[in-house]
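# below is the sequence, then the predicted model.
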Amino acid sequence: MPPILCPHCRRLISSDEPRCPHCGLHAPGMRFRRALLGWLQPGPRELVRGLITVNVVWFGLSLLVDPAGLGGSLNPLAFLSPSDRGLFLMGATGSLPVLRLGRWWTLLAANFLHGGLLHIFFNMAALAQIGPFVAREYGTARFVALYLLTGAAGFLVSVLAGVGLTIGASASLLGLIGAAMYYGKARGGVYGEAVFRQMWGWTVGIFLFGFLLPGINNWAHGGGLAAGFILGHLLGFREQRPEAPWHRALALGLAGLTALSLLWGVAGVVAWRLGG
């Protein structure tokens with residue numbers, strides 16, 4: 001049998017050992033396979049933590065591109081804010097990048113960019129609360145498709161509405177809320193109605209916040225919400241139908257396109273730095 005590293009003590013052993021000869025762990029080969037499967041097929045909370053990690057890393061990179069916001073501002077909403085140039089290079093979307101410059105890839109990349117510390121904090125806090133529920137009820141593949149497609153759909157609506165430059169994960173968050181609202185309505189019963197009412201409360205609060213504060217992209221919020229409700233119906237949740245191969249293929253394809261768009265933004269930054 002091929003050798004493996006014991007999941008507990010990390011020492012080389014045979015995969016068919018009933019116990020690790022070094023630390024005594026029972027059935028280390030089985031635990032190794034479970035750990036590998038968990039990495040390849042993350043659960044709802046692990047998947048959401050992964051998304052949050054990517055958002056935080058890209059926020060840090062956007063600060064380092066052109067660190068104009070690191071000088072310290074008295075305005076808490078502007079604290080640790082990437083510059084407009086840095087955000088544009090990394091993949092900010094809107095009518096200017098998409099319609100005038102043909103940067104359609106930014107519809108995916110902008111979902112992982114944020115305009116300040118509070119911006120990313122509130123979005124990631126909401127994702128940590130809503131994301132695991134949606135991933136659990138829809139499954140991880142459909143969750144990935146929902147998150148990425150609704151973000152792009154929300155940004156597309158804002159592009160068509162004439163929003164010049166926009167970023168943030170809130171379109172995808174509204175997409176998850178829309179999918180959860182569909183789940184609540186379609187499932188029905190006491191539990192379904194409770195889910196719908198809770199998601200409706202989130203929606204009202206977010207839109208009130210958006211109309212009271214300047215600079216909030218309500219077009220993207222509305223587009224993401226509608227896309228989430230529609231896609232929730234089209235993709236279906238676990239109680240309606242099991243996850244199908246095309247769900248996994250869709251999620252994998254969207255994840256690949258998103259990764260390429262994020263790397264394309266980094267390549268643009270490198271080209272700008274070398275050219276400067």
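Cool, the structure landed.

# ok, and for stretch 188-201, which residues are buried?
For stretch 188-201, the neighbour count (16 or more other C-beta atoms under 10 Å) marks 195, 196, 198, 199 as buried. For glycine as for every other residue, the C-beta is placed from the backbone atoms N, C-alpha and C.

# distance to residue 87, secondary structure and pLDDT added to these, as a markdown table?
What follows is these, written out as a markdown table (distance: C-beta to C-beta, whole Å; DSSP: H, G, I helix; E, B strand; the rest coil; pLDDT from 0 to 100):
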| residue | distance to residue 87 | secondary structure | pLDDT |
| --- | --- | --- | --- |
| 195 | 35 | helix | 96 |
| 196 | 35 | helix | 96 |
| 198 | 33 | helix | 94 |
| 199 | 30 | helix | 95 |
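
# format those residues as TSV; extra columns: distance to residue 142.
What follows is the buried residues of stretch 188-201, written out as TSV (distance: C-beta to C-beta, whole Å):
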residue	distance to residue 142
195	16
196	19
198	20
199	17
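
# between those, which sits nearest residue 64?
For the buried residues of stretch 188-201, the closest approach to residue 64 (C-beta to C-beta) belongs to residue 199, at 36.2 Å.

# which SSE is residue 102 in?
Following DSSP states H and E, there is no helix or strand that holds residue 102.

# tell me the mean pLDDT over the helix or strand containing residue 128?
Using DSSP H and E, residue 128 maps to helix 117-138. Helix 117-138 carries an average pLDDT of 95.

# coming back round to it: just flag the most distant two among the buried residues of stretch 188-201.
Within the buried residues of stretch 188-201, two members stand farthest from each other by C-beta to C-beta: 196 and 198, at 7.4 Å.

# what about residue 101, how many residues nearby?
10 (other C-beta atoms under 10 Å).

# contacts only, for it.
Residues near residue 101 by C-beta atoms under 8 Å, 6 or more residues apart in numbering: none.

# measure it to residue 116 for me?
24 Å (C-beta to C-beta, to the nearest Å).

# SS state for residue 13?
strand (DSSP: H, G, I helix; E, B strand; the rest coil).

# bridged to it, which residues?
On the basis of DSSP bridges, residue 13 is bridged to residue 4.

# tell me which residue is most central in the chain.
The centroid of the chain falls nearest to residue 51 when counting by C-alpha atoms, centre = their mean (4.7 Å).

# do I have it right that that residue meets residue 146?
No: look at residue 51 against residue 146 with C-beta atoms under 8 Å: they stay out of range, at 11.8 Å.

# just the buried positions in the helix or strand containing residue 254, please.
Here residue 254, judged by DSSP H and E, is contained in helix 245-275. Using 16+ other C-beta under 10 Å as the test for burial, helix 245-275 gives 247-248, 250-251, 254-255, 257-258, 261-262, 264-266, 268-269.

# great, nothing more from me.
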